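Q: sequence first, predicted model second:
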Amino acid sequence: MSIWKRPIDLEVLNKTSKNTLIEHLNIIYTEFGDDYISATMPVCSFTHQPLGMLHGGASVVLAETLGSVAANFCVAEGSYCVGLDINANHVRSMRSGHVIGTAKPIHLGVSTQVWQINITDDRERLVCTSRLTIAVKNKKSTTRRKEAE
C-alpha cells in the first residue's frame, strides 16, 4: 500500500530543483515506490572536501533533500513539512562515481515524521546512514491572516 497522499512525477520534481542547492550539487530524483524515494548525486570536485573525498555535508544535503521531499508527499493538501533534526553517520569514503540515496519512513505521525535515508555506492555498499526528523505544519489560511491584521 502506498504512503503517498499526492502523485509523484520525477520529471516535475527534478524541474523544481532549478536555481537551488539541489541543482548545484546535481542531485537527480531517479525512482520511487510505494514507500521510498531515491536520488543520485555525483562524487566529484563540487561534492568533495579538501582531501578529495565526498564531503559529509554533501551527503547530509542529499539525505535532507530526500527526506523532506518524501515527507511533503505524505501529507494532505493544507499541510507542509520542514526538517527539525538530522544526524548522519559516514561509514565509507568515496573519491569518484556517484551515490544513491534512498529515503524510507520510520514513523509517519500527525505532527512529526521520522525518515531513514541510506546512501550507497554503485556496489550497494553503505556510505552514509542518516535519520531525519520532520515537523508537520499546517498552512495558515488567508482568512485567518487577514483577521489577525
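A: Alright, I've got the coordinates.
Q: pLDDT weak spots in this structure?
A: 141-149 (pLDDT under 70).
Q: could you pull out the strands in it for me?
A: Using DSSP state E, the strands found in the chain span residues 28-33, 36-43, 79-90, 97-108, 112-120, 126-138.
Q: what's the single longest helix in this structure?
A: helix 56-73 (DSSP state H).
Q: hang on, the earlier thing: could the strands of the chain be laid out in a markdown table, adding distance to Leu51 and mean neighbour count?
A: Where C-beta positions appear, they are placed from N, C-alpha and C, glycine not excepted. Shown next, in a markdown table, are those (distance: least, CB to CB, whole Å; neighbours: other CB atoms under 10 Å):
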| stretch | distance to Leu51 | mean neighbour count |
| --- | --- | --- |
| strand 28-33 | 25 | 17 |
| strand 36-43 | 13 | 22 |
| strand 79-90 | 13 | 15 |
| strand 97-108 | 16 | 18 |
| strand 112-120 | 19 | 22 |
| strand 126-138 | 15 | 18 |
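Q: please convert these to TSV, extending it with distance to Ala63.
A: Below are those laid out as TSV (distance: least, CB to CB, whole Å):
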stretch	distance to Ala63
strand 28-33	14
strand 36-43	10
strand 79-90	6
strand 97-108	6
strand 112-120	4
strand 126-138	4
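Q: so which of those strands gets nearest Lys18?
A: strand 28-33 (12.4 Å; CB to CB).
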